[in-house]
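**Student:** Would you be able to build a 3D model of this:
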Amino acid sequence: MNGPKIHLPISASPVINPDDVWVPEGYKVEVVAAGLSFPTGMGFEDDGTLYILEGGSTWPTRPALPPGILRLHPKGELKTFAVETLGGPRSVSYHDGYIYVSCKGGYLARIVRYDVKTRKREDLIEKIPSGGWHEPDGPVFSPHDGLMYFANGSVSQKCLA
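**Tutor:** Numbering: from 1, shown residues only. As a prediction, the model looks like this:
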């Protein structure tokens, strides 16, 4: 037995049972967070704190939640860390006391950072063209030069007739 079943108040998948997941001997499945609306990414702080990104959703099969960032403390406390207004966070990285988040919305993307102690938010790069189709990825930090890197898909909507 891997863990208890969790019953959710939704119709799409109302029961989560860790025993339904096959893993090799020696591994264990455990539900860490459930009932998410539109999870899009996650990342860890050095102390094990987990940041879960919610893209936001109004789909009838999922609970309606605004786009935002949840923080799960290693002792199990899950709280909203921040709410994003663009279209939703997509990727997160922790670096030197900040989380860096790529956010998508409409035809633009942006990179923001939050101080993990004060939650102060700062836009680092705004109005990155995304064409409405491609998700920003990263940011990540290089162990070689310490620089921040991120990816953004092509904004081309080319069509051959």
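**Student:** Strands along the protein, start to end?
**Tutor:** Here the chain has its strands, by DSSP state E, at 6-7, 15-16, 39-44, 50-54, 68-72, 78-83, 89-95, 98-105, 108-115, 121-129, 137-141, 148-151.
**Student:** Go ahead and confirm residue 71 touches residue 81.
**Tutor:** Yes: applying Cβ atoms under 8 Å, one finds residue 71 in contact with residue 81, separated by 4.0 Å. Where C-beta positions appear, they are placed from N, C-alpha and C, glycine not excepted.
**Student:** Overlap in contacts, these two.
**Tutor:** residue 51 (Cβ atoms under 8 Å, 6 or more residues apart in numbering).
**Student:** give me the beta-bridge partners of the nearest residue to residue 120 once chain neighbours are set aside?
**Tutor:** Distance criterion Cβ to Cβ, 6 or more residues apart in numbering; nearest residue to residue 120, sequence neighbours excluded, is residue 114 at 6.9 Å. For residue 114, the beta-bridge partners under DSSP bridges are residue 99, residue 121.
**Student:** can you tell me which residues contact the nearest residue to residue 98 once chain neighbours are set aside?
**Tutor:** What sits nearest to residue 98 in space, not counting adjacent residues and going by Cβ to Cβ, 6+ apart, is residue 113, at 4.7 Å. Shown in contact with residue 113 (Cβ under 8 Å, 6+ apart): 98-101, 121-122, 124.
**Student:** Tell me the confidence at residue 113?
**Tutor:** On pLDDT, residue 113 comes in at 97.
**Student:** now do the one 3 residues further on
**Tutor:** Turning to residue 116, the model gives it a pLDDT of 97.
**Student:** Surely it touches residue 94?
**Tutor:** Yes: using Cβ under 8 Å, residue 116 makes contact with residue 94 at a distance of 7.4 Å.
**Student:** JSON lines please, covering the contacts of residue 113 and showing distance to residue 32, pLDDT and neighbour count.
**Tutor:** Listed next are these as JSON lines, based on distance: Cβ to Cβ, whole Å; pLDDT from 0 to 100; neighbours: other Cβ atoms under 10 Å:
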{"residue": "98", "distance to residue 32": "23", "pLDDT": "98", "neighbour count": "17"}
{"residue": "99", "distance to residue 32": "18", "pLDDT": "98", "neighbour count": "26"}
{"residue": "100", "distance to residue 32": "22", "pLDDT": "97", "neighbour count": "22"}
{"residue": "101", "distance to residue 32": "20", "pLDDT": "96", "neighbour count": "28"}
{"residue": "121", "distance to residue 32": "25", "pLDDT": "96", "neighbour count": "12"}
{"residue": "122", "distance to residue 32": "29", "pLDDT": "96", "neighbour count": "10"}
{"residue": "124", "distance to residue 32": "29", "pLDDT": "95", "neighbour count": "14"}
